[in-house]
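*Asks:* Give me a 3D structure for the following:
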Amino acid sequence: MSSVTVVRRKSSRARPGIKFYVDYWMLLAAAGLVVIGMLMVYSTTFDLGEQVYDQATYYFRRQAIALGIGLAFILGFMQFDYHILRRFSVLIMSGTLLLLIVVLLFGQSNFGATRGLVNNSYQPSELAKLASILYISHWLSSKGDRIKDVTYGLLPFGVITGVVCFLIVQQPDVSTAGLIAIVSLTIFFIAGAELKQSAIAGVAGGTVFLILMRTLPHVEARIRAWQEVLRDPEQAIWQVRQALIALGSGGYAGVGLGNSTQKFGPLPAAHTDGVFAILGEEMGLVGSLLVLGLFAMLIWRGLQTATRARDSYGFLLALGITCWLGYQALINIAVVTAVIPFTGIPLPFLSYGGTSLVFSLAGVGILLNISRDAHITTREQPTTQPTESPRASFNLRRRNGWARLSRPGRRR
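*Replies:* Predicted coordinates for the structure are as follows:
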């Protein structure tokens with residue numbers, strides 16, 4: 001038996017090209033979004049940079065530095081087995097919680113919120129999105145069917161997610177906390193939690209949101225402003241109204257890159273929260289659909305990567321990262337189009353913000369790693385060894401129309 005194994009391993013070395021497999025569709029989607037994002041960062045900040053720093057390229061250069069760091073993360077994550085992240089997930093999560101506490105104690109306030117360090121250049125809440133996915137994926141994949149037990153599933157999940165969200169809400173940043181909660185709940189449900197447990201977690205989260213809406217004036221104001229939009233679009237708050245004007249002014253082909261008028265004052269935070277509105281004004285319906293198509297391709301390839309992962313940890317990790325990027329893009333675009341109440345959440349890859357760009361690209365790097373690992377495993381199936389105990393493995397099946405991880409089986 002051992003001699004057969006040695007022969008097969010030698011045959012796999014004869015095909016080194018497999019080791020460098022890359023999901024080009026995923027890479028193309030991410031690259032397209034980054035290129036458009038860099039164009040939009042310069043378009044929306046050259047006037048602001050000239051006024052504030054007397055340098056038209058000030059914001060663009062900072063974003064380019066973040067892009068370089070993000071590309072380094074992609075190249076780095078593609079070079080080693082993503083299971084190494086599992087070993088350090090507890091450490092990463094602990095460090096993230098520590099940074100969130102440091103922000104509350106020593107962070108600098110900006111527009112009534114304390115979210116960043118070093119002149120608000122670094123926001124640990126962006127790291128918390130990825131750290132939560134890394135930790136929860138590791139924790140759930142190690143529990144197997146035991147997550148159906150309240151003491152092993154719902155209660156620990158509620159504590160883990162609740163602590164992270166609590167620290168972020170204190171900044172305050174309700175939108176980021178809500179995003180982390182939704183992504184975590186999605187992973188929890190897909191990992192095999194009973195529908196009753198997921199419903200309880202959802203109701204608890206909704207109750208907390210209602211309490212926040214009553215205790216945080218800015219949250220309640222945004223909800224009321226959104227309700228006014230539903231009754232009468234002309235009564236929308238200034239930022240939403242200007243975003244809708246920008247989108248409507250673009251027409252089919254847009255007014256041309258750099259020719260937006262809304263970014264010169266009428267639309268606040270045009271380079272961050274409102275970048276999609278400026279994109280629609282300058283590149284029109286065609287450019288907006290292109291961006292939506294690139295996000296759809298990225299999400300599709302992410303889900304494909306999740307279903308092809310060779311173990312439960314890879315499945316949950318890929319699913320969590322894909323949901324994170326997809327949900328965040330959906331929320332930002334829904335805000336700009338007045339579909340949901342206003343939130344200050346950036347559009348991945350396009351909004352100005354170095355921390356957001358770095359960790360979004362890091363997430364893509366992990367997806368590419370899982371995709372390559374699944375491809376190698378498929379091509380070299382005879383030599384693949386189980387990486388998890390049967391108790392920690394899952395199997396896919398459909399329940400209530402959803403693909404679920406529910407019981408021990410062939411997924412190792």
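
*Asks:* how about the strands in the stretch 251-400 of the chain?
*Replies:* Taking DSSP state E, counting those that start in this stretch, the strands of the stretch 251-400 of the chain run over residues 394-399.

*Asks:* Model confidence for the closest residue to Lys143 other than its chain neighbours, exactly?
*Replies:* Nearest residue to Lys143 in three dimensions, chain neighbours excluded: Tyr152, at 5.8 Å (Cβ to Cβ, 6 or more residues apart in numbering). Every C-beta, even on glycine, is put in place using the N, C-alpha and C of the backbone. The model reports Tyr152 with a pLDDT of 73.

*Asks:* that's a helix at Tyr152, yeah?
*Replies:* No - judged by DSSP: H, G, I helix; E, B strand; the rest coil, Tyr152 forms no part of a helix; its state is coil.

*Asks:* That one and Glu194: what is the separation?
*Replies:* Tyr152 sits 12 Å away from Glu194, going by Cβ to Cβ, to the nearest Å.

*Asks:* swap in Leu361?
*Replies:* 36 Å.

*Asks:* same thing with Leu367?
*Replies:* For Leu367, the distance to Glu194 - Cβ to Cβ - is 28 Å.

*Asks:* Please identify which of the two sits among more neighbours.
*Replies:* Leu367 (28 against 16; other Cβ atoms under 10 Å).

*Asks:* Would you check that the more buried one makes contact with Trp324?
*Replies:* No - Leu367 is beyond contact range of Trp324, at 10.7 Å (criterion: Cβ atoms under 8 Å).

*Asks:* where does this structure have low pLDDT?
*Replies:* Along the chain, segments meeting pLDDT under 70 span 1-20, 111-113, 120, 217-222, 225-238, 377-412.

*Asks:* can you rerun that using 50?
*Replies:* 1-18, 382-412 (pLDDT under 50).

*Asks:* Just the helices from it, written as ranges.
*Replies:* 2-13, 24-53, 58-77, 83-106, 124-141, 154-169, 174-190, 195-215, 217-231, 238-250, 275-308, 312-336, 354-379 (DSSP state H).

*Asks:* Tell me which of those helices lies nearest to Asn259.
*Replies:* Comparing the helices of the chain by their distance to Asn259 (Cβ to Cβ), the top pick is helix 275-308, with 6.2 Å.

*Asks:* what's that closest one packed up against?
*Replies:* On a contact count with 3 or more Cβ pairs under 8 Å, 6 or more residues apart in numbering; DSSP states H and E, helix 275-308 meets helix 24-53, helix 238-250, helix 312-336, helix 354-379.

*Asks:* please redo it, this time with the cut-off set to 10 Å
*Replies:* Under the contact criterion of 3 or more Cβ pairs under 10 Å, 6 or more residues apart in numbering; DSSP states H and E, helix 275-308 touches helix 24-53, helix 238-250, helix 312-336, helix 354-379, strand 402-411.

*Asks:* buried sites along the longest one?
*Replies:* For helix 24-53, a neighbour-count test (16 or more other Cβ atoms under 10 Å) marks 26-27, 29-30, 32-34, 36-46, 48-49 as buried.

*Asks:* Next: the third one.
*Replies:* Taking 16+ other Cβ under 10 Å as the neighbour-count basis, helix 312-336 is seen to contain the buried residues 312-333, 335-336.

*Asks:* how big is the angle separating it from helix 238-250?
*Replies:* Using axes from the mean of the first three to the mean of the last three Cα atoms, to 10 degrees, the inter-axis angle of helix 312-336 relative to helix 238-250 is 90 degrees.
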